[in-house]
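Visitor: Test case, fold it:
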Amino acid sequence: MEEWIQKKVLIVEDELEIRNMIDGFLRKEGFSRIFHAGSCKEALVICASDKPDVAILDVMLPDGDGFGLLTSIRRFSQIPVIFLSARGEDEDRLLGLGLGADDYIVKPFLPRELVLRLLVILRRVYAPPQIDRLPVFQLGDSTIDLEAAIVTIDHYEYALTAKEHALLRKLYENRGRIVTSDALCQSVWGDDYYGYENTLMVHMRRIREKIEPCPSTPEYLLTVRGLGYKLLVKEEL
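Guide: Below you'll find the predicted structure:
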């Protein structure tokens, strides 16, 4: 939760008591970078100068409404927005969400609910993209770590070259299925792969020398005559 409470929160509410109540509860939960605005004009100035990460907007404001304010904010910022409003009619909720708000909470509300909804939005919007790690798998006594581009056998490590890695990755992605020689060549040399068939055979031999117990009679990296190659993976780690 720590990384989310470092985000800057803008509270736009003309009633000072409600604004301070929201501020107090956010601070109790660990938020400290909190900005206040009591009008649309103040809110736009803060959005432009302090660049908050999320905004909590009241719908009814002295110099306009939250709907118009959100429209103005969207001209230069895509920060997530939560509406707070005493207006709970379906039309208002649909209007707010249709303008691009991330949530719409009707007053009176539970402060804890506001914080929880705020955290859900912050996690969704600002969570770093998940990077899938390339797999580690076993071929007999050989452990192949595609992320590290290393084959380990009996505590000895053998590095895969860039082309060996690309070929083995393509075969792993299609494990158990035939991958044509053309598809393998294209995955390494791109569209100008014609004429690399013999080179492909050399790379396959070198891969077998690293992963097979007996490269001349392979068990895992099989040649399918006239078509291509097939990788048999029996155990994934």
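
Visitor: elements contacting the helix or strand hosting residue 24?
Guide: If you go by DSSP states H and E, residue 24 is part of helix 16-28. Contact here means 3 or more Cβ pairs under 8 Å, 6 or more residues apart in numbering; DSSP states H and E; on that basis helix 16-28 packs against strand 9-12, strand 34-37, helix 111-126. Any C-beta I mention is one placed from the backbone N, CA and C, and that applies to glycine too.

Visitor: Buried residues, it. List them.
Guide: In terms of neighbour count (16 or more other Cβ atoms under 10 Å), helix 16-28 has its buried residues at 18, 19, 22, 23, 26.

Visitor: which residues touch the spatially closest residue to the third one that is not a sequence neighbour?
Guide: Spatial nearest neighbour of residue 22, excluding adjacent residues (Cβ to Cβ, 6 or more residues apart in numbering): residue 11 at 5.3 Å. Neighbour list for residue 11: 19, 22, 23, 26, 34, 35, 36, 37, 55, 56 [criterion: Cβ atoms under 8 Å, 6 or more residues apart in numbering].

Visitor: ok so, going back, quick one, which of the helices and strands packed on helix 16-28 gets closest to residue 186.
Guide: Proximity to residue 186 (Cβ to Cβ) singles out helix 111-126 among these, at 37.5 Å.

Visitor: So which elements touch the closest one?
Guide: So helix 111-126, by 3+ Cβ pairs under 8 Å, 6+ apart, packs with helix 2-5, helix 16-28, strand 54-58, strand 81-85, strand 103-106.

Visitor: With distance to residue 115 added, can I get the ones you listed in TSV?
Guide: Below are the helices and strands packed on helix 111-126 laid out as TSV (distance: least, Cβ to Cβ, whole Å):
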stretch	distance to residue 115
helix 2-5	10
helix 16-28	6
strand 54-58	11
strand 81-85	11
strand 103-106	11
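
Visitor: so which of the ones you listed comes closest to residue 160?
Guide: helix 2-5 (35.6 Å).

Visitor: Specify which member of the buried residues of helix 16-28 is nearest to residue 175.
Guide: Among the buried residues of helix 16-28, and counting by Cβ to Cβ, the member closest to residue 175 is residue 26, at 50.1 Å.

Visitor: any idea how far residue 13 is from that closest one?
Guide: Distance from residue 26 to residue 13, counting by Cβ to Cβ, to the nearest Å: 12 Å.

Visitor: just residue 55 next, same as before
Guide: 11 Å.

Visitor: out of these two, which sits in the more crowded spot?
Guide: residue 55 (27 against 24; other Cβ atoms under 10 Å).

Visitor: From the chain's centroid, how far away is the strand or helix carrying residue 203?
Guide: Taking DSSP H and E as the criterion, the element that holds residue 203 is helix 197-211. Centroid separation for helix 197-211 versus its chain: 36 Å, with Cα atoms, centre = their mean, to the nearest Å.

Visitor: for the helix or strand just after it, which positions count as buried?
Guide: Remark: after helix 197-211, the chain's next helix or strand is strand 221-224, criterion DSSP H and E. Across strand 221-224, burial judged by 16+ other Cβ under 10 Å covers residue 221.
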